[in-house]
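**Q** Attaching a predicted model along with its sequence, questions to come.
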Amino acid sequence: MKKCLIFIGLICSVLLLGVKSTNTGDDSVETPVIDNQNAPLLAMFDMTNVNKRIKAYISDAFEIKMSELVKMKLQEVLLSLKIDEDVKQYIENMKGNFTLNIEKEIKEYIDDVKQNVTDTTLEEMKSFRNSLQKVQQIIANQRDQLPCGKVLQDCGDLKGKGCPNGVYSVSPKGVSPFPVYCNMDIAGGGWTVIQRRQDGSVDFYRGWQDYKNGFGRLTGEFWLGNEHIYKHTSEGNYQLRITLEDWNGDTRYATYNTFSLGNEDSSYKLTIGGYIGTAGM
């Protein structure tokens, strides 16, 4: 709508300019003067011709001006369209380049962060591992200097070193060390506790694997594990003592002078005998 209004305004200007410029053209206007009684009529006739020629001149001039104006406006429109297309293409190119640059920068930034994190993490892990190894070595050295810190065969050996009740690592012959709870008070001490049930905090209704490997906490309710008991009892002669206590504090016991478990292939076959105690057969 804006372009149409401008175009109409230009037409009006050209029209007015055409009227004002008629006296400056190249064609001359002949007006014969006849000095007789018919002069007014002839003059009127001649003026009619003059008017026709003026109108024709104005019409020609108007058409020329309009043609030039239309051509000029058409060129402006075409140029505007070309500029718009160039600008649009430039913007599209800029958008594409901007997107590519942003994606590239983001990728490079992420790669740098990942590399820095990886390098930092690896260095921290190496430092932590070195520190841990030093601490482990210090603990091992101090443990070796203490009688109860050494890994012995069983709780009986620890009892001979004067060690108190507690959790220790033991290593029966040919077996890797594993933790056990040693009782140094009951019946002379040196007992390896294989089971404790006292408050119902641990569920003992379990499957084969749990009883094979053991479960619970050595300082609370637990089962040591058939595999550990087998490895323990296969390297010597062991006794089994069962201590029972009711809610009133009354105790009973049963001691078996012969006790051992077979391996898993034998389904951990129990060998037991030589009962002594107050718990009853």
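**A** Sure thing, it's come through.

**Q** Output the contacting helices and strands for the lengthiest strand in the chain.
**A** Using DSSP state E, we find that the single longest strand of the chain is strand 251-261. Under the contact criterion of 3 or more CB pairs under 8 Å, 6 or more residues apart in numbering; DSSP states H and E, strand 251-261 touches helix 226-233, strand 238-245, strand 270-277. Using the backbone N, CA and C atoms, a C-beta is placed for each residue, glycine as well.

**Q** Redo those as CSV? Include mean pLDDT and mean neighbour count.
**A** Listed next are the helices and strands packed on strand 251-261 as CSV, based on pLDDT from 0 to 100; neighbours: other CB atoms under 10 Å:
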stretch, mean pLDDT, mean neighbour count
helix 226-233, 93, 21
strand 238-245, 92, 15
strand 270-277, 93, 12
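
**Q** which one of those lies closest to residue 148?
**A** Nearest of these to residue 148, taken as CB to CB: helix 226-233 at 18.9 Å.

**Q** Okay, strands next: where are they in the stretch 51-200 of the chain?
**A** Counting by DSSP state E, counting those that start in this stretch, the segments of the stretch 51-200 of the chain that form strands are 166-170, 178-183, 191-193, 195-196.

**Q** Pick the most deeply packed of those.
**A** Sort the strands of the stretch 51-200 of the chain by mean neighbour count, taking mean count of other CB atoms under 10 Å, and strand 191-193 sits at the top with a mean of 21.

**Q** Describe which strands that one pairs with in its sheet and in which direction.
**A** strand 178-183 (antiparallel) (DSSP bridges).

**Q** average pLDDT for the strand it pairs with?
**A** Averaged across strand 178-183, pLDDT comes to 93.

**Q** Specify the angle between that strand and helix 226-233 in degrees.
**A** 70 degrees (axes from the mean of the first three to the mean of the last three CA atoms, to 10 degrees).

**Q** Could you give the number of residues near residue 216?
**A** Neighbour count of residue 216, defined by other CB atoms under 10 Å: 20.

**Q** That's all I had, so thanks and see you.
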